[in-house]
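# Sequence first, then the predicted structure:
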Amino acid sequence: MSKILIKKSAIALALGIAFAGSAVAENHIAVINQESAGAVEIGNEVYVEQAGAAHWAYADQYGDDNVTSLLQFDDWHEAYAYVTGDFNLVEGEQSGLWNVFNADAVGDDNWLSAYQEGSLNSASIFLQGDGNTAVAEQSGDANEAAIDLSGDYNTAEIYQSGDSNWSNFQISGSDNLFLSEQSGSLNESGYFNASGDRNTFEASQEGDGNVAGVVGADGDDNEVYAQQYGSSNIFIARDLEGNENFVDVFQDGSANEFLIQPIQGEANFIVVQQQGNSNVVEAANGMIGNDNLIDAYQRGDNNYAVFATEGDMHNVELEQAGDNNTAVGESYGEQNDIMVSSRGDDNFNGVAVQGVSNDIQSRQRGDANTAEVVFVGDDNDVMSSQVGDGNVTLAYSYDAGTTSGNTLDSEQQGDINLIDTIIGGNENLISFYQEGNSNVIAGDGGSFIVGGSNGSVDIQQVGDYNVVTGGQASDGNTMSVYQQGDYNVATVVQY
């Protein structure tokens, strides 16, 4: 080989190494500090662009009308922006894996945004002031975005597409708006440790196995909206305290869960709607306070709902449409209204109250349904209605010494239905009505039992082959039985 060819090859190799080194540049550091002069109205601008791997960028601005822009491409980057002053604009854009973006702004009317494309990225935005806007947008898997606000009239938005992503909002202030949108599966979005009034949190998730929720919030007139589309999704509301707050949750799919434990305060309003099968509404310690409103609706089969309240003047409504569903409403207090209703077959309605002057309703339409009503206290109004065949109504009152002056009305329309009751206490008014054939009003041991003094029992049956077997104990009681039809039997014992 000639010396000329050797020389040309060496030059080509050197050029190739130089260009290759430029393409895979690593471990660069950019640090920019800017402070606006006192007499200068228009501040400075920062623009940093880095490509390669493992770069680090830092921008610190103090002054008015500053602009920060940090762009990083490829993997293992870190970008930090700190701004103090008014009318600032901070933007960060990163693509690749394992990137970190952190922005901190103090002042009013600022705009901070983070855009990350790839997986395993993290974006954190901290805002202190009023009228600020923060936006984080991520596409990819296993990303994290967090926005922490302190102030009023701020807006925070997080958009994520992909799987196993996480978004987090924290707030101290009032009149703020938080938006979270996630598409994909196994994502989580939460509103944590919030304090303030008139804040709004909206979460939308599309996919399976997602979690959205509000944990640890204190304030009044706040609003929470959550929409989840898919299966095995969960909404959680826990440790909420305040008055006149509103929670509205919609879940479309199967095996979804709505979990509350507990919400404390006055005049709060909870709405939950689920469409699909095997969904759960569980609020065993749901509401503590007074004058709260709960509205839960489930459409589908094999659903389960339980909601409990503690306090006075609550309004609880549980409604189900479908088969093999279970709904239970519980109330501890005075002047509460509870209604549990179902449409379909093989459903169970349960209502339990302890207190005074409560209004209880159980309504069922369909076959092979069961309604169970349990009440303790005085002056409660209890009503049970069933339309269909093969239904069962169970009505019980316990602690007879403190259960008096109650009214129980139970009505069944259809065939082969059963009413079973054990009622204690004084001055209770009981009315049973059955329309159909082969119906029974009796007890588990052969006859129903009504105890106490000065009580009244009125029974009406219309149809054939019906049976009444019952007993009354104590003094001053009356029982009236009316049967219309053929082959009916009535057995009444008073002692």
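Here it is on my side, so go on.
# Pull stretch 487-495 out as PDB, backbone CA atoms only.
Only the C-alpha atoms of stretch 487-495 are listed here, as PDB (Å, rounded to 0.1, in the frame of the first residue of the first chain):
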ATOM      1  CA  TYR A 487    -108.500 -21.500  50.600                       C
ATOM      2  CA  ASN A 488    -107.000 -18.800  52.900                       C
ATOM      3  CA  VAL A 489    -105.900 -19.400  56.500                       C
ATOM      4  CA  ALA A 490    -105.500 -16.900  59.400                       C
ATOM      5  CA  THR A 491    -104.200 -17.800  62.800                       C
ATOM      6  CA  VAL A 492    -103.800 -15.000  65.400                       C
ATOM      7  CA  VAL A 493    -102.700 -15.300  69.000                       C
ATOM      8  CA  GLN A 494    -102.800 -12.500  71.500                       C
ATOM      9  CA  TYR A 495    -101.400 -12.900  75.000                       C
END
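# Give me the distance between it and the centre of its chain.
For stretch 487-495, the separation from the chain centroid amounts to 50 Å (computed by Cα atoms, centre = their mean, to the nearest Å).
# That one: which residues count as buried?
Within stretch 487-495, the residues scored as buried using 16 or more other Cβ atoms under 10 Å are Asn488, Ala490. All C-beta spots, glycine's among them, are computed from the backbone N, C-alpha and C.
# outside of it, which residues touch it?
Residues from elsewhere that reach stretch 487-495 (Cβ atoms under 8 Å, 6 or more residues apart in numbering): 447, 459, 461, 464-473, 477, 479, 481, 483.
# show me where pLDDT drops low in the stretch 301-450 of the chain?
Scanning the stretch 301-450 of the chain for pLDDT under 70 picks out the ranges 399-402.
# And the strands in the stretch 51-200 of the chain?
For the stretch 51-200 of the chain, strands defined by DSSP state E, counting those that start in this stretch occupy the ranges 56-62, 67-73, 78-84, 89-95, 100-106, 111-117, 122-128, 133-139, 144-150, 155-161, 166-172, 177-183, 188-195, 200-206.
# So which of those strands is nearest Ile441?
Ile441 lies closest to strand 200-206 among these, at 49.6 Å (Cβ to Cβ).
# which residues touch that closest one?
169, 176-184, 187, 189, 191, 194, 212, 214, 222-230, 233.
# in its sheet, what does it sit against?
strand 177-183 (parallel), strand 223-229 (parallel) (DSSP bridges).
# right, and Gly118 touches Ser161 too?
No. Assessed by Cβ atoms under 8 Å, Gly118 is found out of contact with Ser161, at 11.8 Å.
# Now do the shared contacts for these two.
Taking Cβ under 8 Å, 6+ apart as the contact rule, Gly118 and Ser161 both touch Ser139, Gly140.
# okay, which residue is most central for the protein?
Phe235 (4.1 Å; Cα atoms, centre = their mean).
# Show me which parts of the helix or strand encompassing that residue are buried, residue by residue.
Element membership for Phe235 (DSSP states H and E) is strand 234-241. Applying a neighbour-count criterion of 16+ other Cβ under 10 Å, one finds Ile234, Phe235, Ile236, Ala237, Leu240, Glu241 buried in strand 234-241.
# Parallel or antiparallel, list what pairs with it.
Going by DSSP bridges, the partners of strand 234-241 are strand 211-218 (parallel), strand 257-260 (parallel), strand 263-266 (parallel).
# out of these, which comes closest to Asn277?
Using Cβ to Cβ, the strands paired with strand 234-241 put strand 257-260 closest to Asn277, at 13.0 Å.
# pLDDT of the closest one, averaged?
Mean pLDDT, strand 257-260: 96.
# Then stretch 73-86?
pLDDT averaged over stretch 73-86 gives 86.
# how much distance is there from it to the middle of the chain?
Worked out by Cα atoms, centre = their mean, stretch 73-86 lies 35 Å from the chain centre.
# Now stretch 156-167: buried residues?
For stretch 156-167, using 16+ other Cβ under 10 Å, the buried residues are Ala156, Glu157, Ile158, Tyr159, Gln160, Ser161, Gly162, Asp163, Ser164, Asn165, Trp166, Ser167.
# where does Ile360 land in three-state SS?
What DSSP: H, G, I helix; E, B strand; the rest coil gives for Ile360 is strand.
# Counting neighbours, what do you get for it?
Ile360 is flanked by 26 other residues according to other Cβ atoms under 10 Å.
# isn't it right next to Val351, touching?
Yes. Between Ile360 and Val351 there is a contact under Cβ under 8 Å: 5.1 Å.
# Common neighbours of these two, please.
Common neighbours of Ile360 and Val351, counting by Cβ under 8 Å, 6+ apart, are Ile338, Val373, Val382.
# The one helix or strand the first one maps to: partners in the sheet, and parallel or antiparallel?
Taking DSSP H and E as the definition, Ile338 sits inside strand 337-343. Taking DSSP bridges as the criterion, strand 337-343 pairs within the sheet with strand 315-321 (parallel), strand 359-365 (parallel).
# okay if I get the buried residues of strand 234-241 as JSON lines plus distance to Ala142 and pLDDT?
Converted to JSON lines, the buried residues of strand 234-241 look like this (distance: Cβ to Cβ, whole Å; pLDDT from 0 to 100):
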{"residue": "Ile234", "distance to Ala142": "19", "pLDDT": "98"}
{"residue": "Phe235", "distance to Ala142": "22", "pLDDT": "98"}
{"residue": "Ile236", "distance to Ala142": "21", "pLDDT": "97"}
{"residue": "Ala237", "distance to Ala142": "26", "pLDDT": "95"}
{"residue": "Leu240", "distance to Ala142": "29", "pLDDT": "92"}
{"residue": "Glu241", "distance to Ala142": "33", "pLDDT": "95"}
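# Can you give me the distance of Tyr153 to Asn168?
21 Å (Cβ to Cβ, to the nearest Å).
# coming back round to it: residues in contact with the strand holding Ile338?
Contacts for strand 337-343 (Cβ under 8 Å, 6+ apart): 314-322, 325, 327-329, 331, 349-351, 353, 358-366, 369.
# Measure how far the helix or strand following it is from the centre of its chain, please.
Scanning forward in sequence from strand 337-343 by DSSP H and E, the next helix or strand is strand 348-356. Offset of strand 348-356 from its chain centre (Cα atoms, centre = their mean): 23 Å.
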